[in-house]
Structures are given as C-alpha cells and as structure tokens.
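Asker: Mind looking at a prediction? Sequence and model below.
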Amino acid sequence: MIEFVEGDVVELAPTHVVINANGIGYFINISLNTYEAFNSKQKLRVLTHQAIKEDSHTLYGFQDKTEREVFRNLISVSGIGPATARMVLSSLSQHDIIGAIINGNVPLLKSIKGIGPKAAQRMILELKDKMTKLGGSVQGELTGSSSNHTEALEALTALGFGRSAAEKALLRTSKDLGSGASTEDLIKNSLKLL
C-alpha cells in the first residue's frame, strides 16, 4: 500500500494530479475539495489510498487524514465504490459529510449524484458510529448551531424551496458565517445562493 506520494506537481486538474516523485509520474485521482486545497502549489505531499482491481491499480489522493478516513469509510458501504466516494467528497466537504451521516440527513446525501435513497440510508446506518468517533468535534459544532440551522431550514422550505437545495445552501452559509450565525443571517445568506 502506498501511504503518500511527495514531489513536484506536473499537472493539476479538478479530477486528478500528476506528481513527479524521483522521476516517476504518479497519476492520482482527487476530489474537487482536494483540488481547491492544492491549487497553485508547486510541490505536494498527497496522502493516498490504492484501489487494486484485476485490471488496474488506481491511486486516490487526499488533502488530509480525515478526508482519507471518510473515503475509506464510504467505500466500506455496500454499493459505494471509489468513484462514487470521490463524487461524494467532491459534492460536500468532509465535515458536511460527517455531519450529514451523524444527523441522519437523508435528503442532503440523496442530493449527491450517484447516491439514491437506499444508499443514503445504508450510509447512515453503517457509518453513524464510525463517523461519530471520527468527527466528535464536528458534531459539537453542528449541535451548537442546530436550533438556528433547523429554524432556517424550516423557513426556507416554507418559502417553497426544496429541502435538499435549502440544506445545501444552509451548509455553505453556515461554513461562511461560522457557528454563531443567527437564524436571520442564515436565511438571508442562503437566499442569495438559491
């Protein structure tokens, strides 16, 4: 198993990075969030997960250990392969994924391409305990602002917005404003995104 690849960036795209490590070019699949974290860096250390199939050896790269752990937990769920797990990590931040699984947020998970209602429920059922251990601090952040978040979500759905779209906008707004944001601020800023 390859733990990480370190070297000069030869190519960086939203879906992959090519690293020159001592004259060997490693093609590593990455998520959109990892791409944003790596953008404009000339030298990188990429944590990796190696997926071995009969006909291929594929590397998946991550910005930190938490993202890699979330990926490994996701691929342990029946019906979720590495490509789908990468799509999940591209659609939501690792902290949003952990929070959605801990809080049983099926609509948010279902809004990700490739994840249907059954897969979302399976993720919650199989990963809730693991994610609670992994994201103890994340859950603390979420529960601290959960009443404002819940009120804002109810207000947005009452205004006629779809629950999953409203949830996505609220998560992005919560991330921008921080955990101390008022219900009013959450609603105002989420409306700009909807």
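Answerer: Happy to help now that I have it.

Asker: what bridges to His57?
Answerer: In this entry, His57 is beta-bridged to Ile52, by DSSP bridges.

Asker: for the one 5 residues further on, same thing?
Answerer: Phe62 has these beta-bridge partners by DSSP bridges: Leu47.

Asker: Verify the contact between it and Arg45 for me.
Answerer: No: applying CB atoms under 8 Å as the test, Phe62 and Arg45 come out as separate, 10.7 Å apart. Where you see a C-beta, it was placed from the backbone N, CA and C, and this is true even at glycine.

Asker: which residues are in contact with the helix ranked longest in the chain?
Answerer: The single longest helix within the chain, with elements called by DSSP state H, is helix 117-134. For helix 117-134, the external contacting residues (CB atoms under 8 Å, 6 or more residues apart in numbering) are 66, 69-70, 73-74, 76-80, 97-98, 101-102, 104, 106, 109-110, 115, 139.

Asker: cool, and stretch 180-187?
Answerer: Ser145, Asn148, His149, Glu151, Ala152, Ala155, Leu156, Leu170, Thr173, Ser174, Leu177.

Asker: What part of the chain, helix or strand, is modelled with the least confidence?
Answerer: helix 136-144 (a mean of 43; mean pLDDT, DSSP states H and E).

Asker: following that one, which helix or strand comes up?
Answerer: Counting by DSSP states H and E, the next helix or strand C-terminal to helix 136-144 is helix 146-158.

Asker: tell me which residues in that next one are buried?
Answerer: For helix 146-158, the buried set under the neighbour-count rule, 16 or more other CB atoms under 10 Å, comprises Asn148, His149, Ala152, Leu153, Ala155, Leu156.

Asker: Just the residues contacting it, thanks.
Answerer: Here helix 146-158 makes contact (CB under 8 Å, 6+ apart) with 142, 163, 166-167, 169-170, 174, 181-183, 186-187, 190-191, 194.

Asker: Please report how far the spatially most distant residue from the centre of the chain lies from Leu44.
Answerer: Distance to the chain centre peaks in the chain at Gly23, reaching 31.9 Å (criterion: CA atoms, centre = their mean). The spacing between Gly23 and Leu44, counted by CB to CB, to the nearest Å, is 16 Å.

Asker: Under the pLDDT cut-off, which ranges of this protein? List them.
Answerer: 135-147, 179 (pLDDT under 70).

Asker: Could I get the full set of helices for the chain?
Answerer: Secondary structure of the chain (DSSP H): helices located at 32-38, 65-75, 82-91, 94-102, 106-110, 117-134, 136-144, 146-158, 163-177, 183-193.

Asker: neighbour-wise, which of Phe62 and Arg45 wins?
Answerer: Higher neighbour count among Phe62 and Arg45: Phe62, with 26 against 13, using other CB atoms under 10 Å.
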